[in-house]
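Need coordinates for the following:
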Amino acid sequence: MKWRLELCHKDSSSLHCVLGLLRERPELCRSLEGFNVPNKSKGRKFLHDTSRWLASSDDFHRLRKETGANVVVHYSMKYQAPERNTRELCLSDFLKLDTRGCYNGGVLVVTGSKPKRNDSLSLLRSLQGRGPKGLPLLHCAFNPYLVDEKQREQEYNRLRSKLETGVCSGVWLQIGSDLKLLEKGLAFIRSLEGEAKTVEEVKVYGGLFLPSKQLLAQQRFRPWAGVKLGQEYLTSLEKARAITRNILKVFEAYDVVPLIESSVRKVEQLDELAAYLEGDGQE
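Next comes the predicted model:
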């Protein structure tokens, strides 16, 4: 099963550390599709620094040569497009993002934690008007785990609008634990393919945690924005692991590539990941 890793580094040292760990597990890395670089601060300095750090890493170049791994960079409207900006300024700022070199997997455009006038859909529509020439591969986000029916319907409609721009090559799912809502959301994505002339087949990726006691405690106390983990997942490590295995089964059935969003700091986590991908996981 192909998989991706979100780089949860804070500096050059922590980035080189995780790349070094990956080199210790070459068999697991044979199925590594690539990396994601999140955008969690204002300005593009961190994104530019990360590109530079990757370019200077021998481990990264070896991994890319051996696996063909690409890098998708995230672009957050929350941090890059303040409300005072006009639509034209938002477009101009996005086009300044350097997607050459390491960021060869394209750009995942996200709104952020709250609805905004300058949101991901407005930017995608602006990019639609430019045509595909000169644009990087573009990706959009989707949260299938919203429990409120009205909010879920709005999210579905927004995804349809994003795909109908015709510029999105990938859909990235938020993290959650409700299997029924996940399957419903994936069925909806597949139903959109070919629905309109501008909607073509898209690749789907799904966010996933590697469950641990520390993770469950953190998500109970201060859950990430948009992450929807139910009480069954949060109250029992054993159940969280079982849910993770079941999510991966759904991913496999719908040809979804998992994106591991846990911070990897030791090789044992990679062994745990390998077991999940092989259909085992920790019982």
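
for the residue positioned nearest the centre of the chain, helix, strand, or coil?
Among the residues of the chain, Trp172 comes closest to the average C-alpha position under CA atoms, centre = their mean, at 5.2 Å. Counting by DSSP: H, G, I helix; E, B strand; the rest coil, the backbone at Trp172 sits in strand.

Who are the contact partners of it?
If you count contacts by CB atoms under 8 Å, 6 or more residues apart in numbering, Trp172 has them with 108, 139-142, 204-207, 259. All C-beta spots, glycine's among them, are computed from the backbone N, C-alpha and C.

now swap in Glu155 and tell me
142-144, 146.

before we move on, what about Ile189?
With contact set as CB under 8 Å, 6+ apart, Ile189 has these partners: 142, 159, 171, 202, 204.

any idea which helix or strand carries it?
Assigned by DSSP states H and E, Ile189 belongs to helix 179-192.

Any buried residues in that helix, and which?
By 16 or more other CB atoms under 10 Å, the buried positions in helix 179-192 come out as 181-182, 185-186, 188-189, 192.

Let me have these in a markdown table, extended by distance to Arg4.
Shown next, in a markdown table, are these (distance: CB to CB, whole Å):
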| residue | distance to Arg4 |
| --- | --- |
| Leu181 | 22 |
| Leu182 | 18 |
| Gly185 | 19 |
| Leu186 | 17 |
| Phe188 | 22 |
| Ile189 | 18 |
| Leu192 | 22 |
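
Format those as TSV; extra columns: distance to Val264 and pLDDT.
TSV is the format used below for the buried residues of helix 179-192 (distance: CB to CB, whole Å; pLDDT from 0 to 100):
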residue	distance to Val264	pLDDT
Leu181	27	98
Leu182	24	98
Gly185	27	98
Leu186	26	98
Phe188	31	96
Ile189	28	95
Leu192	33	89
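
residue boundaries of the helices in this structure?
For the chain, the helices defined by DSSP state H cover 12-23, 26-29, 45-55, 58-67, 77-80, 87-95, 120-128, 149-163, 179-192, 213-221, 231-235, 237-253, 267-277.

what's near enough to touch the residue nearest to Cys90 when sequence neighbours are not counted?
Closest residue to Cys90 apart from its sequence neighbours, by CB to CB, 6 or more residues apart in numbering: Ala81 at 4.4 Å. For Ala81, the contact set (CB under 8 Å, 6+ apart) comprises 89-90, 93, 116, 118, 123.

Which of these has the largest number of neighbours?
Neighbour counts for the contacts of Ala81 peak at Leu123, which has 25 neighbours (criterion: other CB atoms under 10 Å).

and that one, what is it in contact with?
77, 81, 90-91, 94, 109.

Relative to Asn39, how far out is it?
Using CB to CB, to the nearest Å, one gets 13 Å for the distance from Leu123 to Asn39.

His48 too?
Where Asn39 is concerned, His48 sits at a distance of 11 Å (CB to CB).

ok, these two, which is more surrounded?
When neighbours are counted by other CB under 10 Å, His48 and Asn39 differ, and Asn39 comes out ahead with 24 against 13.

Tell me if I'm right that the more buried one and Met77 touch.
No. With contacts counted by CB atoms under 8 Å, Asn39 stays clear of Met77, the gap being 9.5 Å.

anything in contact with each of these two?
Val110.

which regions of the stretch 51-200 of the chain lie under the pLDDT threshold?
Residue ranges of the stretch 51-200 of the chain with pLDDT under 70: 114-116, 131-132, 194, 196-199.

returning to what we had before: now, which of the contacts of Ile189 sits nearest Val72?
Taking CB to CB as the measure, Val72 sits nearest to Val171 out of these, at 12.4 Å.
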